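In: sequence first, then the predicted structure:
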Amino acid sequence: MSDLHLACPADGAFDLTRIAATIIQDDTPVTGPEIEARASEAAAALSGSGHRRMALCSANAADVAVALAAAAAARFELALLSPAYADDGAALRRWGVAAVLGTNLDLRPVPGDHPREASGFAILIATSGTTGTPKLARHTPDALLGRIGPAPAGRPPARWLLTYPPTSFAGLQVVLTALASGGTLIAATEPTVATLAEAALTHRATMASGTPTFWRAFLIALGTRTERLDLRHITLGGEAVDQATLDRLGAAFPGAAIRHIYASTEAGALFAVSDGRAGFPARWLDAPVDGVHLRIRDQALEVKSPRRMQGYVEEPGDAPLAEDGWLATGDRVERMGDRVVFLGRADSVINVGGLKVSPDEVEARLLEVPGVTDAQVYGVKNPITGQLVAADIVLRAPHEKERVRAALEHHARAALDPHKVPRIIRFVDRIAPTDAGKKARRPWPKA
Amino acid sequence: MTRDEIIVKIRGSIDRILRDKGSEPAAVDADTPLIGGDIAIDSLDLATIVVELETETGKDPFAAGFVNFATVGELADLYV
C-alpha cells in the first residue's frame, strides 16, 4: 500500500487549523486562506459561547472544513450531521448538542440543559443506524487521521472527487485527506452520479473514493467519456466489491491504481486492498495489517483496531465490543485458499448501494397498509446496487392484490427513504416461521 | 423479445419511475444515456429496471458480474 492517500500512518497528525487545500464546491472555488479566515471567525464565536458540543448540519464540504478548523482551534466537540437534523430539536437534545453552527457562522442555541464540562476537540459522526435515531460515534482526531498522511513531495497535488456526504464517515475521510494533502477537493451539495460525472470532467478529478454502486453508475453515466478522465487513484468501500466491478474499472481507467478499503463508523479505517482482487489476503488473519488484528468467529469478521471510536455519545458502554476488545463487524466472511472473501451480512441487514436497511423497519411500515396480514422483507442480489429490498406479502383477500400493490408502493414511498422502499413485491400464501417463531430470513437469494 | 420490444419495455419503466417521482416525462430512444443525460433516474431506479427486464425476458446478463453499458440501446442489447 504505497498510495499517498489514507495509506501511510502519519508521523504526527496534521494541523487542522492550517488549510492548504482548495475546495471546489458546486463549481465555485473556496481557497485555504478563505476557509481559515471563516474558521477563525467561527472559533471566536464558539469560544465565547460557553458551550462545549456543537453541531454542523450541512451537505457542503467547504462548511465542513470551516467547522473542523474552528472546532480544532477552539477545542470543541463537533457533531457532523446531515441537513435533515438542523431542525430536529429532539435528536440534537438527546445528543447533548448545545448549539448548531449555521452556514453564515451564526450559532443557534438548542434549548435545554447541556453538559458544560470541557472535553476537548473530538469529532462525532452519526452511525448508519438502520432504525430510529442514529447513535453518535465519538472519534478523536488522532484516530480519524491515523491512516492519513501528508502528500509526498514531488507529485502533482491530487484533485479529489467527493462522492459521499461530507458529514458521513467515508466522506469525512476524503475531506480530511484532501485537507491534509493540500490538493483540491471537488464537491457537490447534491451529489447525484450525473452531477459528479460532470464535475469530475470539468474540474479534472484525479482521485475518487466511492461505493461499488457509485462506480458502476459512474461508468454508466460517463459512457465513452471515461477516456477524458485521467483518474490515478480509485478507491471502493462501503459494500462488498465483486471481481467484475474491479475488472471493469481497470479496463475503463487503465492509468489508475485501484483499491478497496474496509472501514466502518465504529471501527474506523481498517485496511486497504490494492492487488486488484476481491476480498483480502488470508495471511492478514495471522499478522496485523496497518495495526489492525483480524479474526473469524462464527463465520463473521471481527477486528481489533487502534483507530476505533472511543464509544457512543449517548451510551458510552454500549459499543459492540467483546470483553477482549474485539469488535464484531457483522460481515460474513469465508477463507478460500489464500483469500478471505465477503459473503454478505451475518445479520439480516440489507446493504443497498452502501446504505443499510433494517428489514424490521420496512416490515413495520408495510404492515400499516390495510389488506396486508403479514410481510417479510429481505435483500435480493442486484448487479447495480449490490442488493435491492424485496418483500413477500400475505394478503387478507386474494382479490385485493392490485389495490394492495398500489397502496404498498404509495405508502412505502411516502414513509421510507428511497433505498428502503421494496422494489420487488411478491404475494405469497404464508410466511414460514422458524423454530423460534421468528421469521426465517433469506439474506442473499437470487431473484 | 426483439431489441425494439425491449426498448419499449425500458421506456415504459422510465416513464413510470419519472411519474412516481413527479418528474417531467422524457423522450427516450435507443441513444438516450441512462444516467447523466436528460432523464432524472439514479442507480436505484436503474437497479429496478434491470430487475424488471430480467423478469420480462427471463435473462440475466449480469450473472457473472457487472457488465458496462451507457445507453438505453446498449442495455437492451444485453437482453436480446
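Out: Cool, got the structure.
In: wait, A:Gly102 sits on A:Asp87?
Out: No: using C-beta atoms under 8 Å, A:Gly102 is not in contact with A:Asp87, being 11.9 Å away. For every residue, glycine as well, the C-beta is placed using N, CA and C.
In: how about the residue in the stretch 201-350 of chain A positioned nearest to chain B, what does it touch?
Out: Closest to chain B within the stretch 201-350 of chain A is A:Ala244: 2.3 Å, counting by C-beta to the nearest C-beta. Applying C-beta atoms under 8 Å, 6 or more residues apart in numbering or on different chains, we find A:Ala244 in contact with B:Ala64, B:Gly65, B:Phe66, B:Val67.
In: helix or strand for it, which one?
Out: helix A:243-252 (DSSP states H and E).
In: what's the answer for A:Ile258, then?
Out: With DSSP H and E as the criterion, the answer for A:Ile258 is strand A:257-264.
In: what mean pLDDT does that strand get?
Out: Across strand A:257-264, pLDDT averages out at 88.
In: how about stretch A:64-78?
Out: 92.
In: same check on stretch A:85-93?
Out: Here the average pLDDT along stretch A:85-93 is 89.
In: just give me the neighbour total for the residue in the stretch 301-447 of chain A that chain B sits nearest to.
Out: Among the residues of the stretch 301-447 of chain A, A:Pro383 lies nearest to chain B; the distance is 3.4 Å by C-beta to the nearest C-beta. The tally of other residues near A:Pro383 (other C-beta atoms under 10 Å in any protein chain shown) stands at 22.
In: near chain A, which residues of chain B are found?
Out: With C-beta under 8 Å from any C-beta of the partner chain as the criterion, chain B meets chain A at residues B:20, B:33-37, B:42-44, B:46-48, B:50-51, B:54-55, B:62, B:64-71.
In: which of the residues you listed count as buried?
Out: Neighbour counting with 16 or more other C-beta atoms under 10 Å in any protein chain shown marks B:33-37, B:42-44, B:46-48, B:50-51, B:54, B:62, B:66, B:68-71 as buried within the residues of chain B next to chain A.
In: show me the residue at the heart of chain B, geometrically.
Out: B:Ile10 (4.3 Å; C-alpha atoms, centre = their mean).
In: ok, that residue to A:Phe121 distance?
Out: 52 Å (C-beta to C-beta, to the nearest Å).
In: what about chain A, any weak spots by pLDDT?
Out: By pLDDT under 70, the low-scoring segments of chain A are A:1-14, A:115-118, A:128-132, A:146-154, A:310, A:314-323, A:433-447.
In: before we move on, back to that, who's more crowded, A:Gly102 and A:Asp87?
Out: Neighbours were counted for A:Gly102 and for A:Asp87 using other C-beta under 10 Å; A:Gly102 has more, 15 against 11.
In: dihedrals phi and psi, A:Arg138?
Out: Dihedral pair for A:Arg138: phi -100, psi 120, per degrees, to the nearest 10.
In: beta partners for it?
Out: In this entry, A:Arg138 is beta-bridged to A:Leu124, A:Gly311, by DSSP bridges.
In: in contact with it, which residues?
Out: Contacts of A:Arg138 (C-beta under 8 Å, 6+ apart): A:Glu77, A:Ala122, A:Ile123, A:Leu124, A:Met309, A:Gln310, A:Gly311, A:Tyr312, A:Val313.
In: what of A:Ala194?
Out: A:Ala221, B:Ile35, B:Gly36, B:Gly37.
In: quick check: closest non-adjacent residue to the residue in the stretch 51-200 of chain A positioned nearest to chain B.
Out: As assessed by C-beta to the nearest C-beta, chain B sits closest to A:Ala194 within the stretch 51-200 of chain A, at 4.2 Å. The shortest distance from A:Ala194 to any residue other than its chain neighbours is 4.2 Å, reached at B:Gly36 (C-beta to C-beta, 6 or more residues apart in numbering or on different chains).
In: hang on, the one you found in a helix?
Out: No: counting by DSSP: H, G, I helix; E, B strand; the rest coil, one finds B:Gly36 to be coil, located in no helix.
In: and it, what are its phi and psi?
Out: Dihedral angles for B:Gly36 - degrees, to the nearest 10 - are phi 90, psi 0.
In: isn't it right next to A:Leu222, touching?
Out: Yes: between B:Gly36 and A:Leu222 there is a contact under C-beta under 8 Å: 7.0 Å.
In: okay, and the common contacts of the two?
Out: Joint contacts of B:Gly36 and A:Leu222 (C-beta under 8 Å, 6+ apart) are A:Ala197.
In: got the residues of the stretch 251-400 of chain A near chain B?
Out: Counting by C-beta under 8 Å from any C-beta, the positions of the stretch 251-400 of chain A adjacent to chain B are A:Ala252, A:Val352, A:Gly353, A:Val380, A:Asn382, A:Pro383, A:Ile384, A:Thr385, A:Leu388.
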